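Q: Sequence plus the predicted model coming up.
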Amino acid sequence: MASTATDADAAPGAQPGGGAPRRRLRAGTGRWVLRKLVGASLTLGFVLVFNFVLFRMMPGDPAKTFLRGRQANPERLAQLRDELGLDDPWPVQFGKYLRETLRGNLGDSWSQGNRPVVELIADRLWPTLLLSGTALVLAALVGIWLGARSGWRHGQAFDKGSTGVAIGLYSLPEWWLGLLLLLVFASPAGLNIFPGGGMTDPRGGVDPVLDTLWHLVLPCTTLTLVYIAQYALIMRSSVLDERYAEYLTTARAKGLRDDQVLTRHALPNALLPTLTLFFLSLGFVVSGAITVETVYSWPGLGLLSYEALSGPDIPLLQGLFLVFSVTVILMNLLADLLYPLLDPRVRLS
């Protein structure tokens, strides 16, 4: 009779297996995704406004920069300022800037032969992706391995040594490390093994791919050493958090070896913060490393940023800043959207 009453009290059309909780979970996930999209859109709007205001507060006369090396009498300067719209009120300038930016027109460079900013950025994008992307992948692989082993062997000689080296590398300025490697490996006073700058040898005579890889060694090593420290320290901290969890005790009780407990159970959970760092770092791959590219004369977006700052070349600076910011925002959004797939607890919070 009890079972009959229970069956009778069941609501018509009720779905067994928790249909309502699943619908609530989907609705909650949809709202969470919408919040992330709205947040990214608001951040992008702030970047557009900040990008416009920031570079108009920089010292220097853009008209004189535009006419560098040419006759610049007061009449010509006044005419040029009128042509560039520099004398217009800021609201008018912002309206033009926003309209052209939404069309994909970032203006023309004032210091690079009046070339379109989009064209300049496109030309310098591949060298930056090659340098920063290679360094990021190498650093992630080595840093994760070092951090996992260090955290798993907490307090042992390997942990103390690797952690000390990681902290030391993390504290080094990139440009200083680059100069040190140049002095040791690329100068006549040192070993003089690798080229001291550039992406290829202008004299030619060498396979272009091998020549580029040879020039890549020192700048990539500089960035990789700094990035390794970040991944190693974060991975070590994550493994320490997981090291004494109850599920690992259960895994050991089943007879698994220590290395198997680490790779099969502890490492997947400890990887979550590191994966987040990796996706966030992808946003900075496009921006490259201004100091490293400048030290090694690597023809990427970082060196282009340095050249634009020496102007100041406002259209080029605005374009670079916008591209860098949009890339970071998109990669941050991608990390936020992927994280619930890696850790379902995020959707339930």
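A: Looks like it came in fine.
Q: any idea which helix or strand carries residue 111?
A: Using DSSP states H and E, residue 111 sits within no helix or strand.
Q: Show me the shaky parts of the stretch 51-200 of the chain.
A: Applying pLDDT under 70 to the stretch 51-200 of the chain flags the ranges 58-73, 76, 83-84.
Q: ranges for the helices of it?
A: 62-66, 74-84, 90-102, 117-152, 157-171, 174-185 (DSSP state H, counting those that start in this stretch).
Q: Distance to residue 304 and mean neighbour count added to those, as CSV?
A: C-beta coordinates here come from the backbone N, C-alpha and C atoms, glycine included. Output for the helices of the stretch 51-200 of the chain, formatted as CSV (distance: least, Cβ to Cβ, whole Å; neighbours: other Cβ atoms under 10 Å):
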stretch, distance to residue 304, mean neighbour count
helix 62-66, 15, 19
helix 74-84, 21, 13
helix 90-102, 19, 13
helix 117-152, 5, 20
helix 157-171, 27, 14
helix 174-185, 17, 17
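Q: Distance to residue 276 added to those, as JSON lines?
A: Below are those laid out as JSON lines (distance: least, Cβ to Cβ, whole Å):
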{"stretch": "helix 62-66", "distance to residue 276": "40"}
{"stretch": "helix 74-84", "distance to residue 276": "42"}
{"stretch": "helix 90-102", "distance to residue 276": "30"}
{"stretch": "helix 117-152", "distance to residue 276": "12"}
{"stretch": "helix 157-171", "distance to residue 276": "18"}
{"stretch": "helix 174-185", "distance to residue 276": "22"}
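Q: For residue 138, which non-adjacent residue is spatially closest?
A: residue 224 (4.8 Å; Cβ to Cβ, 6 or more residues apart in numbering).
Q: other SSEs contacting the helix or strand encompassing the one you found?
A: For residue 224, the host element (DSSP H and E) is helix 208-242. Counting contacts by 3 or more Cβ pairs under 8 Å, 6 or more residues apart in numbering; DSSP states H and E, helix 208-242 packs against helix 117-152, helix 157-171, helix 174-185, helix 267-287, helix 290-295.
Q: among those helices, which is nearest residue 204?
A: helix 117-152 (18.0 Å; Cβ to Cβ).
Q: coming back round to it: for the residue nearest to residue 138, give its distance to residue 203.
A: Applying Cβ to Cβ, to the nearest Å, the value for residue 224 to residue 203 is 28 Å.
Q: neighbour count winner among the two?
A: Neighbours were tallied for residue 224 and for residue 203 using other Cβ atoms under 10 Å; the higher tally belongs to residue 224 (21 against 7).
Q: got the contact list for the more buried one?
A: Residues counted as contacts of residue 224 (Cβ atoms under 8 Å, 6 or more residues apart in numbering) are 134-135, 138-139, 142.
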